[in-house]
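1. Show me the folded form of this:
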Amino acid sequence: MAMMKRAVLALLGATLALPAAADTIFVSNEKSNTISVVDGDKLQVISTIKVGRRPRGITFNSDMTRIYVCSGDDNRIDVLDTATLKVVDRLPSGKDPELFVLE
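-> All right, here's what the predicted structure looks like:
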């Protein structure tokens, strides 16, 4: 994780802490179909990213440059660029993706 600021994932309102002190927090908002990006020091929302319907699981790639978001009601994975905080791709998935792990 030395390549990017430490991160904490908050999924569906339940916080899942990776390192104890985080610089950036990503929260999936199932009802509003968005990802909130939160400054971990100030605990303030710094960006809101529109994604597919019913976002759930969030997974980072190995170099922390991409975030993969399961959009369950759209049967796809939205790919976000961590530098621009924009959706850069949409990948088809099986029915109703919720969580996954990249290896």
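
2. who's in contact with residue 67?
-> Contacts here follow C-beta atoms under 8 Å, 6 or more residues apart in numbering; on that basis residue 67 touches 26, 35, 58, 59, 60, 61, 79, 80, 82. Just so you know, the C-beta spots here come from the backbone N, C-alpha and C atoms, and that holds for glycine as well.

3. Drop anything exposed from these.
-> Buried subset of these (neighbour count, 16 or more other C-beta atoms under 10 Å): 26, 35, 58, 60, 79, 80, 82.

4. so which of those residues comes closest to residue 101?
-> residue 60 (10.6 Å; C-beta to C-beta).

5. Okay, the closest one and residue 81: tell me how far apart.
-> Residue 60 sits 12 Å away from residue 81, going by C-beta to C-beta, to the nearest Å.

6. can you check residue 55 too?
-> Distance from residue 55 to residue 81, by C-beta to C-beta: 16 Å.

7. Compare neighbour counts for these two and give me the winner.
-> residue 55 (28 against 13; other C-beta atoms under 10 Å).

8. For residue 44, name its beta-bridge partners.
-> Bridge pairing for residue 44 (DSSP bridges) gives the partners residue 39.

9. does it really touch residue 38, like I thought?
-> Yes: applying C-beta atoms under 8 Å as the test, residue 44 and residue 38 come out as touching, 6.7 Å apart.

10. and residue 91, how many residues sit next to it?
-> Residue 91: 11 neighbours (other C-beta under 10 Å).
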